[in-house]
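[1] Here's my sequence, what's the structure:
(one chain, ligands or ions: 1)
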Amino acid sequence: MSLNTLEEIAEYIVSDGKGILAADESNPTCGKRFDSIGVESTETNRRDYREMLFRATGMKDNIGGVILFDETIRQNAEDGTPLVDLIKNQGALTGIKVDKGLAPLESSPEETVTQGLDGLDERCKEYVSLGAKFTKWRAVIKISDTIPSDECIEANMRALAKYAKIVQDNNMVPMVEPEVLMDGVHSIERCYAVTSQSLKSLFDCLKDEGVNIAGTILKPNMVTSGSMSESQASVQEVAEMTVKCLNENVPSELPGVTFLSGGQSDVDATAHLDAMNKIGDFSWKLSFSYGRALQQPSLKAWLGKEENVSLAQDALSHRALMNKLAANGAWNPGLEN
Ligand code: 13P
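    Residues are numbered from 1 along each chain as shown. Predicted coordinates for the structure are as follows:
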């Protein structure tokens with residue numbers, strides 16, 4: 001696999017309907033996932049879990065990239081093979097989460113701005129030496145009656161653009177993730193308006209900072225009803241409004257849009273992606289960069305037990321294949337059984 005330019009790396013990750021496995025949970029987040037199955041979050045257990053995922057046969061052909069947390073990019077499998085090599089042997093590229101999490105926004109403390117620009121250039125150089133080809137930075141936008149503030153959107157999109165420029169100067173592809181959270185009672189129309197405003201601001205900032213859009217991947221939320229809203233939009237409405245929102249705000253030279261799952265069920269996340277690709281009226285690849293929606297069934301099957309490894313791997317392989325089919329608009333619910 002000789003991928004030399006940013007464009008080649010980005011296009012490879014989303015080629016043929018492939019998507020991304022987001023396995024970059026921080027240690028506290030991984031702790032929450034492990035709590036749900038009664039497994040202690042030790043360094044070895046986290047390693048065993050990720051090793052199990054990265055050795056699943058369904059990684060091959062369905063997954064073009066895996067996003068790691070700092071601890072994982074430095075870990076070896078039980079037999080001593082670097083986890084990064086397991087990923088490479090599956091034909092996927094290694095990505096790394098480079099942001100440093102959220103801090104309260106000065107002008108509006110219930111909102112956050114993502115940290116991590118300090119020392120980013122040095123961290124990138126080390127990650128390149130450890131085999132990383134792409135990176136992730138997540139910004140969080142919350143919806144209520146009174147937020148998001150314009151300041152929150154501007155501060156987060158400016159930071160995303162500065163991050164993307166530093167990453168590209170280090171020859172890695174930046175994933176830019178402006179996540180409008182599903183939490184809340186808001187309507188799908190409100191999610192549409194906030195997602196539109198965020199994406200517009202993001203691409204203005206990226207242009208302003210001189211970021212090469214053809215060497216960037218966008219990781220957005222889908223346009224959905226708030227998770228606690230009484231009226232939930234249908235799969236077709238989510239697909240139509242998401243495609244419309246992207247068409248209005250995302251330049252055609254962007255190679256790939258890979259959605260986050262954001263708390264959707266595994267099958268919902270697949271159904272939405274499939275419905276969008278059946279509409280098909282857009283220039284970029286529309287694929288997935290799911291964390292929970294890819295891993296949840298596998299985590300539940302694993303339960304931290306050696307004897308469950310092969311069942312857990314089958315569960316990940318199944319979800320990876322279902323999502324690749326969805327990225328080609330070739331999924332249907334009957335394939336789930
Ligand atoms: P979810 O798909 O679980 O939202 O995770 C994706 C991710 O990487 C969030 O930053």
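[2] how about Trp331, what does it touch?
    By C-beta atoms under 8 Å, 6 or more residues apart in numbering, the contact set of Trp331 is Thr270, Ala271, Leu273, Asp274, Met322, Asn323, Leu325. Just so you know, the C-beta spots here come from the backbone N, C-alpha and C atoms, and that holds for glycine as well.
[3] Check whether the second one sits in a helix, strand or coil.
    Look at Ala271: counting by DSSP: H, G, I helix; E, B strand; the rest coil, its state is helix.
[4] Against the ligand, how distant is it?
    15 Å (C-beta to the nearest ligand atom, to the nearest Å).
[5] That residue: how many residues sit nearby?
    By other C-beta atoms under 10 Å, the residues close to Ala271 number 22.
[6] where exactly do the helices run in the stretch 101-250 of the chain?
    Counting by DSSP state H, counting those that start in this stretch, the segments of the stretch 101-250 of the chain that form helices are 120-129, 150-169, 188-208, 235-249.
[7] Not counting sequence-adjacent ones, nearest residue to the closest residue to the ligand within the stretch 101-250 of the chain?
    Nearest to the ligand in the stretch 101-250 of the chain, going by C-beta to the nearest ligand atom, is Arg138, at a distance of 4.4 Å. Closest residue to Arg138 apart from its sequence neighbours, by C-beta to C-beta, 6 or more residues apart in numbering: Glu177 at 4.3 Å.
[8] Which of the three states applies to whichever residue of the stretch 1-150 of the chain sits closest to the ligand?
    Closest contact between the stretch 1-150 of the chain and the ligand, by C-beta to the nearest ligand atom, is at Ala22 (3.5 Å). Ala22 falls in the strand class when you classify it by three-state DSSP.
[9] Could you verify my assumption that it touches Leu260?
    Yes - at 7.3 Å, Ala22 counts as touching Leu260 under the criterion of C-beta atoms under 8 Å.
[10] Mind listing the shared neighbours of the two?
    In contact with both Ala22 and Leu260: Ser289, Tyr290, Gly291, using C-beta under 8 Å, 6+ apart.
[11] My reading is that the first one lies in a strand. Confirm?
    Yes - counting by three-state DSSP, one finds Ser289 located in a strand.
[12] got the contact list for Pro251?
    Counting by C-beta under 8 Å, 6+ apart, Pro251 has contacts Phe203, Ile213.
[13] State the phi and psi torsions of it.
    Main-chain dihedrals, Pro251, degrees, to the nearest 10: phi -60, psi 150.
[14] where's it relative to Phe259, distance?
    18 Å (C-beta to C-beta, to the nearest Å).
[15] Between the shared contacts of Ala22 and Leu260, which sits nearest Asn4?
    Relative to Asn4, the closest of the shared contacts of Ala22 and Leu260 is Ser289; by C-beta to C-beta it sits at 23.0 Å.
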